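In: Sequence first, then the predicted structure, then my questions.
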Amino acid sequence: MTTLKEPALTETPKLIAGPASYLDDRLGAGSFLKRNLRKVFPDHWSFLLGEIALYSFIILLLTGTFLTFWFKPGMGHVEYQGPYEQLRGVMMSEAYASTLKISFEVRGGLLMRQMHHWAALLFVAGMTVHMLRVFFTGAYRKPRELNWIIGVLLLTLALAEGLTGYSLPDDLLSGAGLRITEGVAISLPLVGTYLTFFLFGGEYPGEDVIARFYSLHILLIPGILLALISAHMILMWVQKHTQMPGTGRNNTNVVGAPFYPAFMAKAGAYFLFTFTAIAALGTFAQINPIWLFGPYTPADISAGSQPDFYMGFLEGALRLMPAWEINFLGYTLPLSVLIPALVPMGIIMTGLALYPFIEQWVTGDRREHHIADRPRNNPHRTSIGMAAVVFYGLLWLLGANDEISAFFHIDLYHTTIFGRFAVFLGPALAYVVTYRICMGLQRKDAEVMSHGVESGVIKRMPNGQYIEVHVPPAEDIADHLRGKARLPILPGEADIEGIPPKGARSILGKARAVLSKKYGTEHVPLEEEGGHGHAAIGSGEDKH
Amino acid sequence: MIGTGISVNSITARRRHPLARLAVVALALGLLGGGYALFAPSNSADAAIASGKADDVAEGKSLFVAHCSSCHGMNAEGTKMGPPLVGVGAAAVDFQVSSGRMPAGGPGPQMERKPLGEWVTPEAITQLSAYIQSLGGGPQRPTAEMVDPAKGDAAKGGELFRANCIQCHNFVGAGGALTYGKHAPNLNEATPEQIYEAMVTGPQAMPVFNDSIITPEDKRNMIAYIVQMRELQDPGGFGLGRIGPVTEGLVVWIAGLSFMSMTAIWITAKKRKK
């Protein structure tokens, strides 16, 4: 019997080595890969949320390409003669008829349509939670401000992409959305009518808008999205990912698993999970059943006409707005449309884009930050974020006020009146409550560090007294808590002679100093048992 | 006029009598009125006989006195609590009573569909309808053929349904909100007769769609559409209540994002060092 010579594991098999060196000689990719495949990624579950959006986008591109093979972006009138009985003989646009064809005649068409729509919802939802994670951990701070702005642009473009896609099937529901789009465009002062005629190629709805939205939806906006997503990823790669505070982690290193193989396997698995979620939803949950809505006719409108969730906050603003308008010299300024269309969107998107710079201005902090904040450790930021979440959430909720009214048997007008107050009071309440929770959590952290954690062991003293034994927190938890950093405060106090520092003399400077003090002062310092430091915690017996 | 004992002259003389003109007008009116009463489409008491038996009216009256009169008055003349029922017709009675909306459960912005009381049998409804019909006429109950969904054209009915019904009842009749706590009910439980009767009588907040607005044939087409839509199995999976994007948004946030968060936690989980 002859034994085969087993190749050593360190040796590269010829079949791989040959083509690999051929490619490397011509592309020079070897050194690039060598450097980058070992790139370290920090591990935290919330760091994966952005990947939901990334993978949804890939699925959107694939399913969307499938749909373009059959979709006809035309508004020509045709009579439906397909297999769906309840519309046979009804006149409709080519766009609607071809969407019915995709749904009922193309093999796998309905599944692809539903996956495309669910992926779109998951795309925006994933972006939203990713954005919240970045905001609440302060991961937008220097040097990542520009990547944050790219993110805000991506979110805005995703809304536009969703709106154009929602309008394409030309069903009754999408027509209602298109009508509101027209209403907003035409209500803009001075340019409104021109803009509307430009967009629709004449009077609403015209015969052009579907084809135009189609170009925007499948070419222009996805192109920009793709470019911006690439830029987002490259910047993240180059600047490295932020990490949560913990053992051995500091502002100049990254602790985690290398891209290859550990992080790649995780990312691959997470893609498959995203695919699973979208495929399962597409299979089991019906979405946008356009055959139930019927073809679009400007004269018809259904109860419960709603946009997709990401437009819900605009819908809610429109529903809450009182019917105000200004008539001046024969011109009408319809505030009842302009304010809800522009103000909440403006507050949220502009607020998001400017927040890193406003925070930098208030704190005067120009340092680089690579360690993420725990939300409790920057209570004002967290409270502002929660106020914005409540503002957005209330508008979103009240966008569905008719369904709430019908389902829970609440008077429709009561929901409107509630909303008009809640949209102002809710954020204020959220701010106060969040602030108190953050401070409570900070105190809890300080207590854990100074007194340790309850061990569950009750000890009886010789004098009969019972005490619970406290033990020091586990090393990794303690290191996690120690990641807390003091927020910088700008000098604002006047000196002995009553002269304030240079920057705080103007009105703006004074305001800045006050804000800076407010933003940074509320801070519960961590004291490790009597200030003796970590080693002195010992048995951690608590003497209350 | 030979042999009648009345001379031509005397007739002529009576014709010229001052009261003759009055008598002729009275006779003509009498003939016209009597003839109309005999041949014209009947309402009131004759209608009651047409829609049931004559004693149905009497039975219906006693049912009415027992179950309805506290709000609608002893003679259906209406009170502060309930409107007069003279002229509402048998269709209105059948719609309200067979769907359980009447007798009312209690005051509120709108009467809800509810399980029928023990006394509410098809026979009792027929008797009550006959009584109300006998008071002042009104829309009659449709025949089985008039509301047979199998005889309607659903696609045509769908167009009329979208043009006339969905702004309150939603695109597949899932219902929707109205003002002041009222709502357009879900149509899934309504029988074809009830849908027809609702159209001709306009119960509660609903407008009347009489035969000159929507012909009986078109009504049948609409009934065909409504019935077919609720029997239609959702081809895309669970229908999510068929109320549009609101439930879709809930599903993606609650099911989709929870799943994604849990898997993220799972694949990044580490064994804690003890």
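Out: Here it is on my side, so go on.
In: Chain B - how does it break down into domains?
Out: B:45-136, B:145-231 (automatic domain parsing).
In: could you show me where the helices are in the stretch 51-200 of chain A, in order?
Out: A:94-104, A:109-136, A:145-167, A:172-187, A:192-200 (DSSP state H, counting those that start in this stretch).
In: can you pull the buried residues of stretch A:497-504?
Out: Of the residues in stretch A:497-504, those scored as buried under the neighbour-count criterion (16 or more other Cβ atoms under 10 Å in any protein chain shown) are A:Pro500, A:Gly503, A:Ala504. Where C-beta positions appear, they are placed from N, C-alpha and C, glycine not excepted.
In: Name the nearest of those residues relative to chain B.
Out: When those are compared for distance to chain B (Cβ to the nearest Cβ), A:Gly503 comes out closest, at 43.2 Å.
In: Surely B:Asn221 is in contact with B:Gly152?
Out: Yes. Judged on Cβ atoms under 8 Å, B:Asn221 makes contact with B:Gly152 at a distance of 4.3 Å.
In: Quick check: neighbours shared by those two?
Out: With contacts defined as Cβ atoms under 8 Å, 6 or more residues apart in numbering or on different chains, no residue is adjacent to both B:Asn221 and B:Gly152.
In: Tell me which of the helices of the stretch 51-200 of chain A lies nearest to chain B.
Out: Each of these was scored for nearness to chain B using Cβ to the nearest Cβ, and the closest is helix A:109-136 (4.1 Å).
In: Show me what counts as buried in the helix or strand hosting A:Gly346.
Out: Following DSSP states H and E, one finds A:Gly346 within helix A:335-363. By neighbour count, and taking 16+ other Cβ under 10 Å as the criterion, the buried residues in helix A:335-363 are A:335, A:337-341, A:344, A:348, A:352-353, A:355-356, A:359, A:362-363.
In: Of those, which pair is most distant in space?
Out: Of all pairs drawn from the buried residues of helix A:335-363, the one with the longest distance (Cβ to Cβ) is A:Val337 and A:Thr363, at 38.7 Å.
In: Output the below-cut-off pLDDT ranges for the stretch 1-150 of chain B.
Out: Of all residues in the stretch 1-150 of chain B, those with pLDDT under 70 make up the ranges B:1-13, B:37-54.
In: so A:Ile467, which of the three states?
Out: A:Ile467 carries the three-state label strand when classified by DSSP: H, G, I helix; E, B strand; the rest coil.
In: ok, now how distant is it from chain B?
Out: When distances are taken as Cβ to the nearest Cβ, to the nearest Å, A:Ile467 and chain B turn out to be 25 Å apart.
In: Equivalent analysis for A:Trp324, please.
Out: For A:Trp324, the distance to chain B under the criterion Cβ to the nearest Cβ works out to 20 Å.
In: Tell me who's in contact with that residue.
Out: If you count contacts by Cβ under 8 Å, 6+ apart, A:Trp324 has them with A:Leu335, A:Ser336, A:Ile339.
In: before we move on, what about B:Asp148?
Out: B:Asp148 makes contact with B:Pro192, B:Arg220, according to Cβ under 8 Å, 6+ apart.
In: Let me see the backbone angles for the closest residue to B:His169 other than its chain neighbours.
Out: Distance criterion Cβ to Cβ, 6 or more residues apart in numbering or on different chains; nearest residue to B:His169, sequence neighbours excluded, is B:Ala184 at 4.8 Å. Here is the backbone geometry of B:Ala184 (degrees, to the nearest 10): phi -80, psi 120.
In: Can you give me the pLDDT of B:Ala184?
Out: Residue-level confidence at B:Ala184 comes out at 92, pLDDT.
In: one step back: need the contacts of A:Trp324 in TSV with distance to A:Arg319, can you?
Out: As requested, the contacts of A:Trp324 are arranged in TSV below (distance: Cβ to Cβ, whole Å):
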residue	distance to A:Arg319
A:Leu335	15
A:Ser336	11
A:Ile339	12
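In: Report the rounded mean pLDDT for the strand ranked longest in chain A.
Out: The single longest strand within chain A, with elements called by DSSP state E, is strand A:453-460. The predicted model gives strand A:453-460 an average pLDDT of 90.
In: is that strand anywhere near chain B?
Out: No. Judged by Cβ under 8 Å from any Cβ of the partner chain, strand A:453-460 stays clear of chain B, getting no closer than 13.8 Å.
In: mind exporting stretch A:337-350 as CSV, just the C-alpha atoms?
Out: C-alpha atoms of stretch A:337-350 as CSV (Å, rounded to 0.1, in the frame of the first residue of the first chain):
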residue,chain,number,x,y,z
VAL,A,337,-50.7,72.3,3.0
LEU,A,338,-47.4,74.2,3.1
ILE,A,339,-46.7,74.0,6.8
PRO,A,340,-47.4,70.2,7.2
ALA,A,341,-45.5,69.4,4.1
LEU,A,342,-42.4,71.4,4.8
VAL,A,343,-42.1,72.2,8.6
PRO,A,344,-41.9,68.7,10.2
MET,A,345,-39.6,67.4,7.4
GLY,A,346,-37.5,70.5,7.8
ILE,A,347,-37.3,70.2,11.5
ILE,A,348,-36.3,66.5,11.4
MET,A,349,-34.0,66.4,8.4
THR,A,350,-32.3,69.8,9.0
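In: quick one: the helices in the stretch 151-274 of chain B?
Out: B:154-164, B:166-169, B:192-201, B:216-231, B:245-251, B:257-268.
In: any chance of the ones you listed in JSON lines, with mean pLDDT and mean neighbour count too?
Out: Formatted as JSON lines, the entries for the helices of the stretch 151-274 of chain B read as follows, by pLDDT from 0 to 100; neighbours: other Cβ atoms under 10 Å in any protein chain shown:
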{"stretch": "helix B:154-164", "mean pLDDT": "95", "mean neighbour count": "21"}
{"stretch": "helix B:166-169", "mean pLDDT": "94", "mean neighbour count": "22"}
{"stretch": "helix B:192-201", "mean pLDDT": "95", "mean neighbour count": "23"}
{"stretch": "helix B:216-231", "mean pLDDT": "95", "mean neighbour count": "22"}
{"stretch": "helix B:245-251", "mean pLDDT": "95", "mean neighbour count": "22"}
{"stretch": "helix B:257-268", "mean pLDDT": "95", "mean neighbour count": "17"}
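In: Can you check which of those helices gets nearest to A:Glu475?
Out: Judged by Cβ to Cβ, the one of these that comes nearest to A:Glu475 is helix B:257-268, at 19.8 Å.
In: So which residues make contact with the closest one?
Out: For helix B:257-268, with Cβ under 8 Å, 6+ apart as the criterion, the contacting residues are A:43-49, A:52, A:122, A:125-126, A:129, A:266, A:269-270, A:273-274, A:277.
In: List buried residues within the residues you listed.
Out: In terms of neighbour count (16+ other Cβ under 10 Å), the buried residues within the contacts of helix B:257-268 are A:43-49, A:52, A:122, A:125-126, A:129, A:266, A:270, A:273-274, A:277.
In: just these that are near chain B?
Out: Restricting these to those near chain B - Cβ under 8 Å from any Cβ - leaves A:43-49, A:52, A:122, A:125-126, A:129, A:266, A:270, A:273-274, A:277.
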